[in-house]
Structures are given as structure tokens and as C-alpha cells.
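A.B. asks: Sharing a model prediction with you, sequence too.
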Amino acid sequence: MATLQSCSSSVCLRESSALLLPRRNVNESYKSRTVKWRSPRGAVVPNFHLPMRSFEIKNRTSTEEIKSLRLITAIKTPYLPDGRFDLEAYDALVNTQIEHGAEGVIVGGTTGEGQLMSWDEHIMLIGHTINCYGGSIKVIGNTGSNSTREAVHATEQGFAVGMHAALHINPYYGKTSLEGLVKHFDRVLSMGPTIIYNVPSRTGQDIPHQVINTLAQNANLAGVKECVGNDRIKQHIEKGIVVWSGNDDESHDSRWNHGATGVVSVTSNLVPGLMRDLMFGGKNPSLNAKLMPLIQWLFQEPNPIGLNTALAQLGVVRPVFRLPYVPLPLAKRVEFVNLVKQIGREHFVGEKDVQVLDDDDFTYLDRY
């Protein structure tokens, strides 16, 4: 049995250190200095365009692939009663889009209420979507901001988690000059495929054609989501710039009469199959006319109020609203049920019977 010896702590420490320190063999030391360590190379591709200096590409997509998309759905973000994302309902919505032929989704856009998300929520949802569905549908993350610094940082993070392309709006409220617009977009275009979103009714500032034409010199500009109208779309098209209509009510004519590639659609959240037919099936004025009452109903109040109300009544999302959004009034909710019956319940998402929800059925959240 070992005997304990009394000694000063300083002596004990010195003795213990001397006993415990391993002695390396001279030959082993020589070998360790001459062996060159190599990093694992499996699934690692150099990727120098990312400002975050990431060397791994998860779902790299070319700008040309984004340019070819015809039906892009601005996907809804559903919530749980405590305000967190309802990922089960969200996954069902995305799966339905894939099954009915949508080619891309905008994650965290205006329709997806990116404006009510923290950036952590925003990037998490982009990452979730790309990891679960990136092999089946193009994931376009809304990483735009009226702050260039925020837009740059969010876009770095979005591409780092694997999004295929970014959606960028022009700085709103604190508007800038035309030269400022060019510099703002230049900073984010360097990172990867980008769609610029022009919606003056929301931003308070138009992005004129000359700005887009200047930015088109950058190979990463996939195109423009244009909400000004078909005359502007035609102007872009004549310069070889890809355009998606941002207005569902104009999208048929934009596609077939004015040369738009397709649409970034809100209505396709509800009737993805019919919107695909509208974008892929050639001119179809009768289908366009059939959808017009639904489209007009959806946009009688600012988006996404109508969509949130409709999806709740279809039973595919919980009737939970992050304020300041509130549902359409009861009379309008009754109108929606009649519209579903006219168009055909089989064309709408979900499997439950459409119903008129009472005012008390809705939950409103101011903290989440």
C-alpha cells in the first residue's frame, strides 16, 4: 500500500509534474514533425464567392436555373398558438406545392411574413426548407432589408445554409438615390443568384428600368419580380432581362402577351395546380377568368391578410395571427366559402371541408 508523505505544496507539485510528464521518444518526435496533415476532402468544394468564406456548397444552383422557373410560390408561414413556427403545417404546405408542380418557393417574403420574424427565425426557416426540400424545389430566401448591412449579413447566412437564390427589395422608408440603389444591390449581387423585387406600393420608391438595366451587367442577376405592370415588364424583356409578374391578376397576360417568364404567386398557396396550368398550359383566358374572383378576394386587404384567412378556413393552418395582421371580417369569410364551392374544393389545398370561422376562433399574438 502506498504511504502518504507530508511535504510542502510547492515540492509536491514539482515532484508530481516531474513524474507525470510523458517523455517522447526521439524517433517518434522526428516522425510527427515530418508527417504532413491533410484535411478531409470528401464533399468539400472550394467556394470563394461567399463572403463568409465557406468552403462547402450544399445546394449550389446556377443563375440560369433560377431564370427558367415559371411558377414560384410565395409560401405562407403558419404558427402555433404560442407564436412559434408550425413546422408540421409548413412542411405540408411545401409538400403540396411540390406535388402540384411549383418550381420554387419564396421563404420569409411578404406573404411569409418575413417582416414579423427575427433574423434567427428567418435563417432557420430558410435552412429548414433547403435541408428538407432543396432537392425537389428551388428555395429562394428573402434576405432583403432597407439596411445594406443587414441585407449583406442575412444574405451571407442564407447562402451559407444552402438557399438557391436570394430575393432583395429596395430600401424602403429611408429611401435612397438611384446611385444608392445601384450600390445597395451591387453589395448583395456578388454573393449568388438574386431576384430583385420591385413593389413601389410597399416600399414607396420605384426601381426604374435604368437601374435594373445597369444591374443586369452582373451575371448573378436572375431577374426581377415586377409589380409595376405589364408595360414595365415589356421594357425589361426588350433588354433581355428575365421578369416574373408580381401581380396574380396580371400574370396570365404578363406570361403569354408580354414575355414574362412566369409569376411569383400568392394565389398558388391555395390552388397550386390551377396556377401551374395558367403558367404552363398556353393562353387560357377562361381559366384566368375563373380565378379572377378568388384573386380579387385575396387582395381586397393588404397581403397576407386574405391568404391567412383562407388557409385557416381550409383547415391547413391554425387560425393564429401575428399582429398587426387580423382576419377578414365575417362577411368576407362567408364569401370565401362560396368561392371555394364555385371553383371546386378539389382544386384547393388540404382535405378538410372549408368552413366559416367565427371571430372567437382566431388567436392574435403580440408577443412570440
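C.D. replies: On my side now, so go ahead. Numbering: from 1, shown residues only.

A.B. asks: show me where pLDDT drops low in the stretch 1-150 of the chain?
C.D. replies: In the predicted model, the stretch 1-150 of the chain carries pLDDT under 70 at residues 1-59.

A.B. asks: Test my guess that V354 contacts L314.
C.D. replies: Yes: in this structure, V354 is within contact of L314 by CB atoms under 8 Å, at 5.6 Å. Just so you know, the C-beta spots here come from the backbone N, C-alpha and C atoms, and that holds for glycine as well.

A.B. asks: now the helices: where do they sit in the stretch 1-150 of the chain?
C.D. replies: Ranges of helices in the stretch 1-150 of the chain, per DSSP state H, counting those that start in this stretch, are 9-20, 26-34, 63-67, 87-99, 119-133, 148-160.

A.B. asks: quick one: buried residues of the shortest one?
C.D. replies: The one in question is helix 63-67. By 16 or more other CB atoms under 10 Å, the buried positions in helix 63-67 come out as 63, 65-67.

A.B. asks: Between V354 and L314, which is the more surrounded one?
C.D. replies: L314 (22 against 18; other CB atoms under 10 Å).

A.B. asks: Compute the distance between that one and K67, please.
C.D. replies: For L314, the distance to K67 equals 33 Å [CB to CB, to the nearest Å].

A.B. asks: tell me which element V264 is part of?
C.D. replies: Applying DSSP states H and E as the criterion places V264 in strand 262-265.

A.B. asks: what about that strand, distance to the chain center?
C.D. replies: The chain centroid and the centroid of strand 262-265 are separated by 14 Å under CA atoms, centre = their mean, to the nearest Å.

A.B. asks: got it, and stretch 167-184?
C.D. replies: The chain centroid and the centroid of stretch 167-184 are separated by 20 Å, computed with CA atoms, centre = their mean.

A.B. asks: Contacts for that stretch next, please.
C.D. replies: Contacts of stretch 167-184 with the rest of the structure, by CB atoms under 8 Å, 6 or more residues apart in numbering, involve 106, 109, 140-148, 151, 155, 185, 188, 194-199, 202-205, 207-208, 210-211, 214-215, 225.

A.B. asks: Report the contact partners of G144.
C.D. replies: Here G144 is in contact with 151, 154, 166-169, 188, 197 (CB under 8 Å, 6+ apart).
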